[in-house]
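# I'll drop the sequence and a predicted model, then ask my questions.
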Amino acid sequence: MESFEKPILKVNNLRKQFGNGCKKCEDMSEDVLDKNYCPECGTVYACQDVSFEVYNGEILGVVGESGSGKSTMMQCLYFDKEVTKGDAYISNYKDGKSNIFKESSQQKRYIRNNVLGKVYQNPILGLKMDFSAIGNIAEKLIASGNRKVDEMERRGNELLEHVNIPLFRSKEEPKNFSGGMQQRVQIAKALSNNPPILLLDEVTTGLDLSVQANVLDLIKKIQRELGISMIVVSHDLAVIRMLADRTIVMLNGKIIEKGLTDQILEDPQKPYTQQLVHSLL
Amino acid sequence: MENLLKIENLSKSFTLHNLGKHIKASQDINIDLKEGKFIGITGKSGSGKSTILKCIYRTYLPETGDIYYNSEKLGKVNISKISERKMVYLRKYEIGYVSQFLNVMPRTTAREIVKQAVLEMGYDDEHANKEAIKMLSHFELDKELWDSYPNTFSGGEKLRLNIARAMVKHPRLLLLDEPTASLDYDSKKKVKELIEQLKNEGTTMIGIFHDIEFMEGLCDEKFNMQAGKFI
């Protein structure tokens, strides 16, 4: 059972701070740990000692209120932000022996292009709005070294079809697409190099219910058919209930509770998690 | 015959932080369940029946005590202490849970719901479809409903779909959480026949029933609960 319990991604003590810190907060005293900023110097600790694992083929949910550090954690993992401290290992990259946060920028680019895919809440961050839909996918394929136009076109069309974008619209710019379609193009782009891990940051936020159901269905289908591991960040507990096998709860930059998703929702242990779950409509 | 499940001194209580309350749900529960047997638990609402099942399925975190389960792949494990990863595995392949409620992805047809349970075990689409059809017919869900969304189904239809979804995985242990609640007499009779069928096929089960007399003749052992304890 050793390989069964070997994580595909392991994150240890990730910290992201904004500010230089002071003597008081550098030793992470109780004051700082209770909030996410230092009352003395104003340094914000967006993520503090965040540690977790993601296993092969599973969906890990991350919940918490706005400002709890969910998105910062995802940005650090995708190298959108540099971590202050901590390490992370991906089993598909250098046999899981190299701390990805310590890699060179060239290697980080390689990881972004081949090992991770990310879908942002705001499609403007994930897509080039004045490239065509298929051009967005080609961009990612080119970044990982692909140069054959016909092959890229075939792959692009295949991916767009997979996310239900009609092929006659593949040459259109995503800025003309609806919110749901833009998210689906982002998902296609993120999948273009068959990454083993997909990071999804509030991907259904702002979509109406019927489009949301569509995107959720697509995510589940991708996980089932491609066996990709995913981290899904959402403040919508219903989304997490539908998708995630396990869930972590964040508050003030820290993980305060972890568990099976239904256990977190039906038998939350911490006061904050109970409050969060009880606010579910 | 070997025990498939052995519960020793299981207790579970809930701490409601905002109300400053501590509620004892189940206390000192002991159960021995042998392979192929069916245990029925009854008791009033709030007596702690569901708590036991939810602890076995790990929807609730057991507080004290042990829940030993003899897994086909993982060997003898203590569900109270097992890793989440292993519990996800057991749910996927060995332990099924059926309640009167149907929690499913929106806009998913009955056939898809049953199919997905097979697909997540790693089988291909063709096999999943075949198994889904087999189960939906087996549990007599009207053929016209197979490709409809279950939010319009009656209670009995939802329940049969729920059982089909759990049974398509051929679980070694099936947990039935008040499957007859809120059903009319005819639907209840149907559920009883289904359970009888499962028992004859060798499925090991624990079921919770408000009206256990309805299960007369089916249970190998019965427990009555009051205020969180077996009496």
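Cool, got the structure.

# would you mind listing what in chain B touches chain A?
Selection of chain B residues close to chain A by Cβ under 8 Å from any Cβ of the partner chain yields B:14-18, B:54, B:58-61, B:74, B:83-89, B:103, B:105-108, B:116, B:119-120. In short, each C-beta sits where N, CA and C put it, glycine included.

# which ones are touching the closest residue to residue B:116 other than its chain neighbours?
Spatial nearest neighbour of residue B:116, excluding adjacent residues (Cβ to Cβ, 6 or more residues apart in numbering or on different chains): residue A:224 at 7.0 Å. Residues in contact with residue A:224 (Cβ atoms under 8 Å, 6 or more residues apart in numbering or on different chains) are B:116, B:119, B:120.

# same thing with residue A:65?
A:235, A:251, A:276.

# and the second one, what does it touch?
Contact analysis of residue A:251 by Cβ under 8 Å, 6+ apart lists A:64, A:65, A:68, A:272.

# hmm, back to that, and the residue nearest to residue B:116, what's its pLDDT?
You'll see residue A:224 listed with a pLDDT of 84.

# and the residue in the stretch 151-281 of chain A positioned nearest to chain B, how close does it get to residue B:84?
Across the stretch 151-281 of chain A, no residue is closer to chain B than residue A:271, which sits at 3.7 Å (Cβ to the nearest Cβ). Remark: distance between residue A:271 and residue B:84 (Cβ to Cβ, to the nearest Å) = 22 Å.

# repeat for residue B:56
To residue B:84, residue B:56 is 15 Å away according to Cβ to Cβ.

# ok, residue A:132 next?
In this view, residue A:132 and residue B:84 are 43 Å apart by Cβ to Cβ.

# now do residue A:135
Computed as Cβ to Cβ, the residue A:135 to residue B:84 distance reads 41 Å.

# show me how far stretch B:131-144 is from its chain's centre.
Taking Cα atoms, centre = their mean, to the nearest Å, one finds stretch B:131-144 lying 19 Å from the centre of the chain it belongs to.

# whoops, stretch B:21-41 was the one
On Cα atoms, centre = their mean, the centre of stretch B:21-41 falls 13 Å from the chain's centre.

# in that stretch, what's buried?
B:25, B:26, B:27, B:29, B:31, B:33, B:37, B:38, B:39, B:40, B:41 (16 or more other Cβ atoms under 10 Å in any protein chain shown).

# what are the ranges of the helices in the stretch 51-200 of chain A?
In the stretch 51-200 of chain A, helices defined by DSSP state H, counting those that start in this stretch lie at A:70-77, A:105-114, A:123-126, A:133-143, A:149-162, A:179-191, listed in chain order.

# and the last one, what does it pack onto?
With contacts taken as 3 or more Cβ pairs under 8 Å, 6 or more residues apart in numbering or on different chains; DSSP states H and E, helix A:179-191 sits against strand A:116-119, helix A:123-126, helix A:133-143, helix A:149-162, helix A:209-226.

# that one vs helix A:149-162, what angle?
The directions of helix A:179-191 and helix A:149-162 differ by 130 degrees, with axes from the mean of the first three to the mean of the last three Cα atoms, to 10 degrees as the criterion.

# please name the nearest non-neighbouring residue to the residue sitting nearest the centre point of chain A.
What sits nearest the mean C-alpha location of chain A, by Cα atoms, centre = their mean, is residue A:199, with 2.6 Å. Nearest non-adjacent residue to residue A:199, counting by Cβ to Cβ, 6+ apart: residue A:118, 4.4 Å away.

# give the full set of residues in contact with that neighbour.
A:74, A:78, A:112, A:126, A:190, A:198, A:199, A:200, A:201.

# likewise for residue B:8?
Residues counted as contacts of residue B:8 (Cβ under 8 Å, 6+ apart) are B:30, B:65, B:66, B:67, B:68.

# just the buried residues out of those residues, in PyMOL syntax.
For the buried members of the contacts of residue B:8, the matching PyMOL selection, counting by 16+ other Cβ under 10 Å, is:
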select buried, chain B and resi 65+67+68
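
# and the residue of chain B found nearest chain A, its phi and psi?
Using Cβ to the nearest Cβ, the single residue of chain B nearest to chain A is residue B:17, 3.7 Å away. Note on residue B:17: backbone dihedrals following degrees, to the nearest 10 are phi -60, psi -40.

# for beta bridges, what are the partners of residue B:205?
When assigned by DSSP bridges, residue B:205 has beta-bridge partners residue B:38, residue B:174.

# and it, how many neighbours does it have?
23 (other Cβ atoms under 10 Å in any protein chain shown).

# quick check: it touching residue B:174?
Yes - Residue B:205 lies in contact with residue B:174 (Cβ atoms under 8 Å); the separation is 4.6 Å.

# can you check which residues contact both of those two?
Common contacts of residue B:205 and residue B:174 (Cβ under 8 Å, 6+ apart): residue B:198.

# any stretches of the chain with poor pLDDT?
No chain was given, so I picked chain A. A:1-3, A:28-33, A:281 (pLDDT under 70).

# I was after chain B.
B:1.

# at which residues are the helices of it located?
Per DSSP state H, chain B carries helices over the ranges B:49-56, B:84-93, B:110-119, B:125-138, B:155-167, B:185-200.

# can you redo these as a markdown table with mean neighbour count?
Output for those, formatted as a markdown table (neighbours: other Cβ atoms under 10 Å in any protein chain shown):
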| stretch | mean neighbour count |
| --- | --- |
| helix B:49-56 | 24 |
| helix B:84-93 | 19 |
| helix B:110-119 | 22 |
| helix B:125-138 | 17 |
| helix B:155-167 | 23 |
| helix B:185-200 | 16 |
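
# may I see the helices of the stretch 51-200 of chain A organised as JSON lines, with mean neighbour count added?
As requested, the helices of the stretch 51-200 of chain A are exported to JSON lines (neighbours: other Cβ under 10 Å):
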{"stretch": "helix A:70-77", "mean neighbour count": "24"}
{"stretch": "helix A:105-114", "mean neighbour count": "15"}
{"stretch": "helix A:123-126", "mean neighbour count": "17"}
{"stretch": "helix A:133-143", "mean neighbour count": "21"}
{"stretch": "helix A:149-162", "mean neighbour count": "16"}
{"stretch": "helix A:179-191", "mean neighbour count": "24"}
